[in-house]
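**Student:** 3D model of this:
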Amino acid sequence: MSFLFLKDCNVIKLKEGQVQRCSILINNERFFKIMPRHGRNEDFIFNFKKSFANIKIIDLKNKYILPGFTDSHTHLLAYGIELQRVDLSKCASPDECLDKLSSERNREIIFGVNWDDSCWTRGKKEDLNRTVLDQVSKIKPVIMRRVCGHFAICNTKALESIPEDWRIVDRKNGWLYEDAALYLNKIFKPTFEMYKEGLELAMRKALSMGITSINEITDINGFKIYQKIKKFLKLRVALYLTDGFSPAIASGIQSNYGDEFLKFSGIKLFMDGSIGALTAGVRKPYHKTRKYGKILISDQRLLKYIRNAEEHSLQLMIHSIGDRSTDLVLKMFKKAKIGKNPLRHRLEHIEILDKRQIEEIRQLDLIASMQPNFLRWQIPGNMYEKYLGKRYKKMNCFKLIKDAGIKLVFGSDCMPLGPFYGIIQSVSSLFKESNLTPAEAIALYTEAPPYATFDEDTKGKIEEGKIADFIVLNKNPLIKENLENLKILMVFVGGNQVY
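**Tutor:** You can find the predicted model right below:
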């Protein structure tokens, strides 16, 4: 029987907004004993070692400890693949994107990712089309997928591989929207070796940021990949399928099937698109346009999904960004009469809300899963103001949602990955509807997320009996001024140091 003793820690107590000075004994991957510092810990360990010789001691020298972060909305497997593709995130114009793609002509498939036209200093995405990408190559597929994933551009060669029955494809311009953009890996398939290497890269990155659990969103093929490489997992995965509704019902699998490292959690549905692609379903048209976005699921079809999910014990996470889209989602949940939401269905993103919708979410007891890193676009003159006008000031209203008593959790959507990036955004928001204290923001990445995956009894807090997933920091994260200079010194999963 092996033990780990953490000597002289400062445990962050988020609810109280305080620091607890203590030492911690870990056994069997769980916090075994938490001892307030009173000068007798050395005697305790001395006597303990007489009975259990196999004990490792780490002197933390008053460093700060938080529960490991849970990213409640990730695409880590896809992120790992994108790390191996052409990164366009730092390009400042369409021409720079084209230059970067042209420099990668030796690739079999020239797949550029993560470009963000809201950061371009010149040009616009409409400047890019099929014939422009043909200038990069006419004999190899060339693809550019936007950072949101809901819009992509293909050259003529790549477009030849897109099935004729795929929806929302502008073949004249080579523009792909929604499913056609999101599911390009079904056409341009990464190899198993790419998935394995990509997941290793992505896990290493996530762990370095203190992420010890993720709510992963992938397809059935991704689920198979995770099962094949489960023994290599160094963080905990609760998995949601984007294409698995009918197969899940046919197989009889239910939410929460699996173990503490990999489990099936539910099904993701896309109700609308994204603001950056002008496809999020909004009540009022996008600024200076006649576009209202796209509703991807009819209300009656959504109602059928909800009732089937209830009947077969499947948790739903529903992507809904625009207020018009969320109106339909809430209407169908009310019609389905789900009671107090025992399956803990979730709403993903819900960036544009009014007070009535917030109250309805509270009454339905739905979980709000939101992304504080999206605040990067919610500053004067940036993408949200450009596309939504004055509406942008009321978006991403984390504070209003939290104060309403709604169960709120934070994730990144890998845009970008990194809890502290999102935390800093939310404590620095220009708008009171979004602004949180450091303790509030950190809790939404640590203590709150386990509820969304039925894990609140086993993880998310530094308490005796809970799983010993935690991170060690150089400074007190409750002090706002420290957040920019925090360093993650160590990361532990189940009491084992993984970073």
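**Student:** relative to Ile424, how far out is the residue nearest in space to the middle of the chain?
**Tutor:** Residue closest to the mean C-alpha point of the chain, counted by CA atoms, centre = their mean, is His73 at 2.4 Å. The gap separating His73 from Ile424 is 18 Å, by CB to CB, to the nearest Å. Where C-beta positions appear, they are placed from N, C-alpha and C, glycine not excepted.
**Student:** what's the domain layout of this protein?
**Tutor:** 3-67+487-497, 75-186, 192-467 (automatic domain parsing).
**Student:** going by mean pLDDT, which of those domains comes out lowest?
**Tutor:** Per-stretch mean pLDDT for those is lowest at domain 3-67+487-497 (a mean of 86).
**Student:** show me the strands in the stretch 1-150 of the chain, by range?
**Tutor:** Secondary structure of the stretch 1-150 of the chain (DSSP state E, counting those that start in this stretch): strands at 3-13, 18-27, 30-36, 55-67, 69-74, 86-87, 110-115, 142-146.
**Student:** just so I know, which of the ones you listed lies nearest Leu364?
**Tutor:** strand 69-74 (18.7 Å; CB to CB).
**Student:** run the chain-centre distance for that closest one.
**Tutor:** 5 Å (CA atoms, centre = their mean, to the nearest Å).
**Student:** which neighbouring elements make contact with it?
**Tutor:** With contacts taken as 3 or more CB pairs under 8 Å, 6 or more residues apart in numbering; DSSP states H and E, strand 69-74 sits against strand 211-218, strand 408-410.
**Student:** give me the contacts around that strand.
**Tutor:** For strand 69-74, the surrounding residues in contact (CB atoms under 8 Å, 6 or more residues apart in numbering) are 206, 209-217, 348, 369, 371, 409-414, 417, 419, 445-446, 449-450, 452, 460, 471.
**Student:** and with 7 Å instead?
**Tutor:** 210-217, 348, 369, 371, 409-414, 419, 445-446, 449-450, 452 (CB atoms under 7 Å, 6 or more residues apart in numbering).
**Student:** only C-alpha atoms, please: export it in CSV.
**Tutor:** Extracted as CSV, the C-alpha positions of strand 69-74 are listed here (Å, rounded to 0.1, in the frame of the first residue of the first chain):
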residue,chain,number,x,y,z
PHE,A,69,-9.6,21.8,-14.0
THR,A,70,-12.4,20.2,-16.0
ASP,A,71,-12.9,21.6,-19.5
SER,A,72,-16.6,21.0,-20.0
HIS,A,73,-16.6,21.4,-23.8
THR,A,74,-13.6,20.2,-25.8
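**Student:** listing partners with orientation, what would you give for that strand?
**Tutor:** strand 211-218 (parallel) (DSSP bridges).
**Student:** what sits up against the partner strand?
**Tutor:** By CB under 7 Å, 6+ apart, strand 211-218 touches 68-78, 206, 235-240, 242, 265, 268, 411, 419, 452-453, 469, 491, 493.
**Student:** adding mean neighbour count and distance to Ile479, write the domains of the chain out as a markdown table.
**Tutor:** Shown next, in a markdown table, are the domains of the chain (neighbours: other CB atoms under 10 Å; distance: least, CB to CB, whole Å):
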| stretch | mean neighbour count | distance to Ile479 |
| --- | --- | --- |
| domain 3-67+487-497 | 16 | 10 |
| domain 75-186 | 19 | 30 |
| domain 192-467 | 20 | 7 |
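**Student:** CSV for these, including distance to Leu478?
**Tutor:** Shown next, in CSV, are the domains of the chain (distance: least, CB to CB, whole Å):
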stretch, distance to Leu478
domain 3-67+487-497, 6
domain 75-186, 28
domain 192-467, 5
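**Student:** what's across from the residue nearest to Lys230 when sequence neighbours are not counted in the sheet?
**Tutor:** Distances taken as CB to CB, 6 or more residues apart in numbering put Leu262 closest to Lys230, at 5.2 Å, once the chain neighbours are dropped. Counting by DSSP bridges, Leu262 forms beta bridges with Val237.
**Student:** ranges for the strands of the stretch 201-350 of the chain?
**Tutor:** Under DSSP E, counting those that start in this stretch, the stretch 201-350 of the chain gives strands at 211-218, 236-241, 257-258, 262-270, 315-320, 346-349.
**Student:** so can I have JSON lines of those strands showing distance to Arg290?
**Tutor:** Converted to JSON lines, the strands of the stretch 201-350 of the chain look like this (distance: least, CB to CB, whole Å):
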{"stretch": "strand 211-218", "distance to Arg290": "32"}
{"stretch": "strand 236-241", "distance to Arg290": "34"}
{"stretch": "strand 257-258", "distance to Arg290": "46"}
{"stretch": "strand 262-270", "distance to Arg290": "23"}
{"stretch": "strand 315-320", "distance to Arg290": "22"}
{"stretch": "strand 346-349", "distance to Arg290": "24"}
